[in-house]
Structures are given as C-alpha cells and as structure tokens.
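In: Below is the structure, and that's it, no one-letter string:
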C-alpha cells in the first residue's frame, strides 16, 4: 500500500490524528528539512511499531477504539514488526510536512508520524492521509472522479479494474426466502 500523509509538528493528540484532543505541545522551530530527512531513514525497512490505542485492534472481542471512547483503561499493544518499503519527504513547510509512504499490511501511518515527532525531540500528529495505491489499484490511474459518474464511464472503469484482479470472479447462488424454490445464480440473469 502507498499513502501520502501530512504531519503537523509541535502537537500531539490522543488519536494521533487531527480528530483527537491535543495532549501535548512542544516547540519545533529548531527542526530543519535535513533533520527530518535523516530521521526517515530510521523508519525504513523492517521496523518495530506500537499500534495506536485508537485502532481496530481488539481486546476481548472489542475494538480498542470503542473501549477508549467509552473511557475504559486500555493498555498499549506491544510493538510488532512492520515493513516500510519506501519513505520520502515530499514537502517541508513548518509546522507541516508531507510524506510518501509505501508499506506492508498492519502498518499505522499515524504511529509513524507520532514516532517521527518523538525522534525529533518534539511531537507530531497526522493531519491528513490519502491512500494512493492498494494492490494493483492507484488513485491516479483508477479513481473515477465525480464529473465522470455516468453509466458508461462507471461500466468502463469496472471492466478495466476487474481485468486487474487475479482469477475468475466467483458466481454465488442467491438465497431465496421460501424453501423449495430454486436458487438463481448470477449467471442466469
């Protein structure tokens, strides 16, 4: 997966993104573009990452984010191995910085931004996140923008995207409400 993330130096939030409550503020004036680029090297390759408390990870069958919102005490999950294939700084206009990140599954970009802030002796929170690639699909090549939402354009886009998927689509039988009725398959319509 690939993402473009915008981070904000000098502020930390409980959710590690712009939706959370500010939990800490620190100066960031001393940080240069070079400092930021040097730090990124520490977060490339196979690294250990602590997932955020506000996440879809579960404890006793419930999402951590649900427990946190209810005000329950939640312990941080232990650090786990994740992979960052590439990480680059696209823009630096303090307090904002923009990263391009290519990573494996289970990776939290919010945690990355927070960890970068800590490594720079300040704090940081993610302001914005855009997924630019997932599997064979890229935002640039495969997004269908609103001005092209016509039946023909949607059909053309679906046909193109389906060709990128591996294997044949499965044909599931549709369930009927009454026992004894014959199920209709997608192929019959």
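Out: Structure received. If you're wondering where the values come from, they're calculated on a predicted model, not measured in any experiment. Numbering: from 1, shown residues only.

In: Where does pLDDT dip in this protein?
Out: Residue ranges of the chain with pLDDT under 70: 54-77, 141-144, 167-189.

In: In it, spot the strand with the most residues.
Out: Longest strand in the chain, counting residues (DSSP state E): strand 80-93.

In: So which bits of that strand are buried?
Out: 82, 84, 87, 89, 92 (16 or more other Cβ atoms under 10 Å). Just so you know, the C-beta spots here come from the backbone N, C-alpha and C atoms, and that holds for glycine as well.

In: so which of these would you say is closest to residue 33?
Out: The nearest member of these to residue 33, counting by Cβ to Cβ, is residue 92 at 4.5 Å.

In: ok, the closest residue to the closest one other than its chain neighbours - how many residues close by?
Out: Nearest non-adjacent residue to residue 92, counting by Cβ to Cβ, 6 or more residues apart in numbering: residue 33, 4.5 Å away. If you count neighbours by other Cβ atoms under 10 Å, residue 33 ends up with 13.

In: for the protein, which helix is longest?
Out: If you go by DSSP state H, the chain has its longest helix at helix 151-164.

In: So for it, what gets flagged as buried?
Out: By 16+ other Cβ under 10 Å, helix 151-164 has no buried positions at all.

In: elements contacting that helix?
Out: Using 3 or more Cβ pairs under 8 Å, 6 or more residues apart in numbering; DSSP states H and E, the elements in contact with helix 151-164 are helix 139-142.

In: Quick check: buried residues in stretch 118-125?
Out: Applying a neighbour-count criterion of 16+ other Cβ under 10 Å, one finds 119-120, 122-125 buried in stretch 118-125.
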